[in-house]
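> Sequence first, predicted coordinates after that:
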Amino acid sequence: MWQQTLTVCLLVMSVWAFGWFTLAQILRRNDIADIAWGPSFIVCCFAALYASSGSFLPENLPAIFVLTFVLVWGLRLSSHILRRNWGKQEDYRYQQWPNANYNNLTSPQTVNNQKVVH
């Protein structure tokens, strides 16, 4: 039973993430991933509830209760980040990604492109 729920959640979240990634590439704004973060928990909870019970009937009241809290939290998080980013340029941290130098991340002798003395 739990394997089916986990599989459904993984599939749903993969489609969700791919959809937001595609939208980010089209808009050339990777910071929209922050806006999608809150609703991703909501989507996952709905998928898990539906996959585990097959319905949203009243006998699932504890699960629906938890889903309600996740729904409120996820919407609040997403709306907060959306309001904060609305009408502004892409966050500077995301703008730096294409120019990042990842070659030094695996070298234990360097930190921020400077040699570390042991």
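That came through fine. Residues are numbered from 1 along each chain as shown.
> what sits up against stretch 42-49?
Stretch 42-49 is touched from outside by 5, 8-9, 12-13, 16, 56, 60, 63-64, 66-67, 70-71, 74-75, with contacts defined as C-beta atoms under 8 Å, 6 or more residues apart in numbering. For glycine as for every other residue, the C-beta is placed from the backbone atoms N, C-alpha and C.
> same thing but at 7 Å, please
Under the criterion C-beta atoms under 7 Å, 6 or more residues apart in numbering, residues 5, 8-9, 12-13, 16, 56, 60, 63, 67, 70-71, 74 lie in contact with stretch 42-49.
> same deal with stretch 71-86?
By C-beta under 7 Å, 6+ apart, the list of residues contacting stretch 71-86 from outside reads Asp31, Asp34, Ile35, Trp37, Gly38, Pro39, Phe41, Ile42.
> all strands for the chain, in order.
In order along the chain, the chain carries the following strands (DSSP state E): 110-111, 114-115.
> Kindly report which one of those carries the lowest mean pLDDT.
Sorting those by mean pLDDT places strand 110-111 lowest, at a mean of 51.
> check contacts around the residue most central in space within the chain.
The residue lying closest to the centre of the chain (C-alpha atoms, centre = their mean) is Trp37, at 3.5 Å. Trp37 sits next to Leu77 when contact means C-beta under 7 Å, 6+ apart.
> Fine by me, thanks again.
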